[in-house]
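Q: Sequence and computational prediction follow.
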Amino acid sequence: MTTVLPARKLKVGILGATGTVGQRFIVLLETHPLFTIHALGASPRSAGKPYDQVVRWKMNAPYTKAVGSLVVQACEPQPFADCDVVFSGLDSSVAGDVESAFLKADIAVFSNAKNHRMGANIPLIVPTANPEHLTVIEHQRAQHNLKYGFLVTNANCSTTGLVVVLRALQDAFGPLSHVMVTTMQAISGAGYPGVSSLDILDNVIPLIDGEEDKMETEVAKILGSVLPDNSGFRALDNTVVSATCNRVAVVDGHTECVSVKFARSTDPSFSPPTVAEVDKVLSDFQSESQLLGCYSAPKHPIVVATQPDRPQPRLDRDTHGGNTVTVGRIRPCPVLDLKFTLLVHNTVLGAAGSSILNAELAVAKGVLKARE
Ligand SMILES: NC(=O)C1=CN([C@@H]2O[C@H](COP(=O)(O)OP(=O)(O)OC[C@H]3O[C@@H](n4cnc5c(N)ncnc54)[C@H](OP(=O)(O)O)[C@@H]3O)[C@@H](O)[C@H]2O)C=CC1
Ligand SMILES: N[C@@H](CC(=O)OP(=O)(O)O)C(=O)O
């Protein structure tokens, strides 16, 4: 496929620009070759004031003077009308209605929030796992009579790391019947100010409200297929996922301990893949974003750690800019077939990085264009 590049940089709006995910968008977009930051939005508490005055900046990299002086807008379509694309890092209490209003106003939206993820013709895309789901955009546009607008969501941050590895395993060794996953999730996943220090220091919290349900349902949609008429998706109905989610005292990076069983396991002639075979399949896994030459595409969607005590959040979360999933400790599972540990950067591939790479894919496929 030939990559279609826009005639100029696309003007970007960021909704929820003051939040944890919004700040990550700013860092990732400051030097982006396809996109330029044009407008910022946040709550009525922040609207009307320069970004500098309202943001409590938590990123390691600084933001530019130009961004600091942008006046924060209310999250309504009108101030974003000349944006070619809007990235949403909005709190889920408002994201649903705000994103619907932007779609109705014919603006392209890439959302991190949970609200629209399971919508019948809303793509739920992890860019290195199921980019082919973008084909449903044409149906969405026809349904709402839109020229430029559409709505694409990306997944829950823990789901994101998991599905990249499951997709690689499924492609190589056939469908999975059972997936058991236990997460250790960073505090930045709870936004800012998030979990109080008295709750999390010297502690592990064995509950993240709603997280397990999201992991158990999103995987089936992402690893499912597009309906033949491109009107929606057929979720997997033969893969059972059981998730247990914990909050731990790590700043960024979700670690997940995973065991899987292959559907063919019930066949007496089937023997599970060896550790060496799994290592090779994961290391060789490629995504369409690499083949299309997308700017943020990681060199490898999955990196297999060579040291026996990896992955570790502090050491591995920034590999390939945070858009890769690091896997280690691959070994046979005496209960299911195979077990391993993975790490995903929750605010890069798990949030803003996925939205941006999804938008790059949409540009490369000619569905996201500059407004004329
Ligand atoms: N953090 C993570 O790792 C991940 C987060 N997500 C999802 O991304 C979204 C953002 O998360 P995160 O950045 O962590 O959250 P934060 O709480 O850090 O930021 C929330 C943002 O929403 C804005 N906001 C709050 N209320 C309103 C309102 N009434 N109208 C308009 N804007 C409002 C806030 O603006 P103000 O500062 O003015 O209050 C702020 O910019 C959420 O939906 C979350 O579930 C998804 C994957 C991973
Ligand atoms: N709940 C996730 C982050 C998040 O906001 O997820 P979601 O977008 O699925 O609600 C975490 O705490 O790490």
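A: Okay, I see it. Residues are numbered from 1 along each chain as shown. Ligands and ions are numbered 1, 2, ... in the order given.
Q: for ligand 1, what are the nearby residues on the chain?
A: On the criterion Cβ under 6 Å from any ligand atom, ligand 1 has as its neighbours in the chain the residues 16-22, 42-43, 45-46, 75, 89-92, 94-95, 112-114, 157, 188-189, 191-192, 346-347, 350-351. All C-beta spots, glycine's among them, are computed from the backbone N, C-alpha and C.
Q: secondary structure class for residue 283?
A: Following DSSP: H, G, I helix; E, B strand; the rest coil, residue 283 is assigned to helix.
Q: quick one, what contacts it?
A: Residue 283 is in contact with 300, 302-304, counting by Cβ atoms under 8 Å, 6 or more residues apart in numbering.
Q: mind redoing it with 10 Å?
A: With contact set as Cβ atoms under 10 Å, 6 or more residues apart in numbering, residue 283 has these partners: 168, 300, 302-304, 327.
Q: do the same with residue 186
A: Counting by Cβ under 10 Å, 6+ apart, residue 186 touches 157, 194, 247-255, 313, 317, 344-347, 350.
Q: and if we set it to 7 Å?
A: Taking Cβ atoms under 7 Å, 6 or more residues apart in numbering as the contact definition, residue 186 lies against 250-254, 313, 346.
Q: got it, and residue 148?
A: Residue 148 touches 106-108, 369, 371, counting by Cβ under 7 Å, 6+ apart.
Q: let's see 8 Å
A: Neighbour list for residue 148: 84, 106-108, 369, 371 [criterion: Cβ under 8 Å, 6+ apart].
Q: Tell me which of the residues you listed fall in strands.
A: With strands taken from DSSP state E, the overlap with those comprises residue 108.
Q: Going by distance to ligand 2, which of the contacts of residue 148 wins?
A: When these are ranked by distance to ligand 2 (Cβ to the nearest ligand atom), residue 108 comes first, at 19.7 Å.
Q: and the residue lying closest to the closest one once chain neighbours are set aside, how many residues sit next to it?
A: Nearest non-adjacent residue to residue 108, counting by Cβ to Cβ, 6 or more residues apart in numbering: residue 85, 4.6 Å away. Neighbour count of residue 85, defined by other Cβ atoms under 10 Å: 28.
Q: Residue 343 now?
A: 26.
Q: and what of residue 53?
A: Neighbourhood size, residue 53 [other Cβ under 10 Å]: 12.
Q: Also residue 24?
A: Neighbours of residue 24 (other Cβ under 10 Å): 29.
Q: Next: residue 277.
A: Using other Cβ under 10 Å, residue 277 is surrounded by 13 other residues.
Q: Can you check my assumption that it lies in a helix?
A: Yes - checked against three-state DSSP, residue 277 lies within a helix.
Q: Please list the residues of the stretch 51-200 of the chain that sit near ligand 2.
A: So far as Cβ under 6 Å from any ligand atom goes, the stretch 51-200 of the chain lies against ligand 2 at 92, 112-114, 156-157, 185, 189-190.
Q: Kindly write the ChimeraX command that selects the buried subset of those residues.
A: With 16 or more other Cβ atoms under 10 Å as the criterion, this ChimeraX line picks the buried residues out of these:
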select :112,113,114,156,157,185,189,190
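Q: need the contact list for the residue nearest to residue 347 when sequence neighbours are not counted.
A: Ranked by Cβ to Cβ, 6+ apart and with sequence neighbours excluded, the top spatial neighbour of residue 347 is residue 24, at 4.4 Å. Contact analysis of residue 24 by Cβ under 8 Å, 6+ apart lists 59, 89, 347-348, 351-353.
Q: so is residue 24 in a helix, a strand, or just coil?
A: Assigned with three-state DSSP, residue 24 falls in the helix class.
Q: gap between it and ligand 2?
A: Note on residue 24: its distance to ligand 2, by Cβ to the nearest ligand atom, to the nearest Å, is 12 Å.
Q: Next one: that residue relative to residue 245, how far apart?
A: Residue 24 sits 21 Å away from residue 245 when distances are taken as Cβ to Cβ, to the nearest Å.
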